[in-house]
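[1] model this:
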Amino acid sequence: MPTNYEISGAVDYNTSAFDAPVIDAYWQPKCDTVSDRNKFIFNRELLSDVTFVVPVSNGERLVIPAHKFILAISNPVFCAMFYGPVAETKNSVDLSHYEEVNLSGSNVLQV
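    Numbering: from 1, shown residues only. Predicted coordinates:
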C-alpha cells in the first residue's frame, strides 16, 4: 500500500505540518496538541490500519484510510467491529453494497 509518510529533508521545519506536501519523520512536534496530531492523520494513510472502500460516481471506488483505535474509542459499533469477540480480520471494509448516505456531524451516529 503506498503511503504519504516519507522521511524527507524537503519539508521546511518552519512550514506548517498541515501544509506540507511530503510528511517528514518529525511531523509530531509541528502539531502542538494530541488533538492537532489526530486532526493531522485524519484521512491520511499515515499510521492508518484500515481502509473503507466506497462507491463514487460512474462505478469508481474511493479508498478512505482510517485508524481503528480512533474509530473504536469514538463509537461502540466500531469498537465491536475491530476489537470485539468476532472482530473483523480484514484491513479493508468494502461498503459498495450500501446506499449512498450524506454524512454530517449531526447524523453520523444515526446512520
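
[2] Only C-alpha atoms from now on, for both contacts and neighbour counts.
    Noted.

[3] got the residue ranges for the helices in this structure?
    34-41, 68-74, 76-83 (DSSP state H).

[4] show me where this structure has strands.
    In the chain, the segments counted as strands under DSSP state E are 50-55, 61-66, 92-94.

[5] list the helices and strands the second one packs on?
    Here strand 61-66 touches strand 50-55, going by 3 or more Cα pairs under 8 Å, 6 or more residues apart in numbering; DSSP states H and E.

[6] Show me the shaky parts of the protein.
    In the predicted model, the chain carries pLDDT under 70 at residues 1-22, 99-111.

[7] re earlier: take the strands of the chain and write them to JSON lines, including distance to residue 43 and mean neighbour count.
    JSON lines is the format used below for the strands of the chain (distance: least, Cα to Cα, whole Å; neighbours: other Cα atoms under 10 Å):
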{"stretch": "strand 50-55", "distance to residue 43": "10", "mean neighbour count": "18"}
{"stretch": "strand 61-66", "distance to residue 43": "6", "mean neighbour count": "17"}
{"stretch": "strand 92-94", "distance to residue 43": "15", "mean neighbour count": "15"}
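
[8] what about stretch 64-81, how long is it end to end?
    For stretch 64-81, the separation between the terminal residues is 17 Å (Cα to Cα, to the nearest Å).

[9] which residues touch that stretch?
    For stretch 64-81, the surrounding residues in contact (Cα atoms under 8 Å, 6 or more residues apart in numbering) are 42-45, 47-54, 82-83, 86-88, 109.

[10] got the buried residues for that stretch?
    64, 65, 66, 67, 68, 72, 78, 79, 81 (16 or more other Cα atoms under 10 Å).

[11] For those, work out which two are farthest apart.
    Using Cα to Cα, the buried residues of stretch 64-81 span at most 18.4 Å, a distance reached by 64 and 79.

[12] With distance to residue 26 added, can I get the helices of the chain in CSV?
    Output for those, formatted as CSV (distance: least, Cα to Cα, whole Å):
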stretch, distance to residue 26
helix 34-41, 12
helix 68-74, 21
helix 76-83, 29
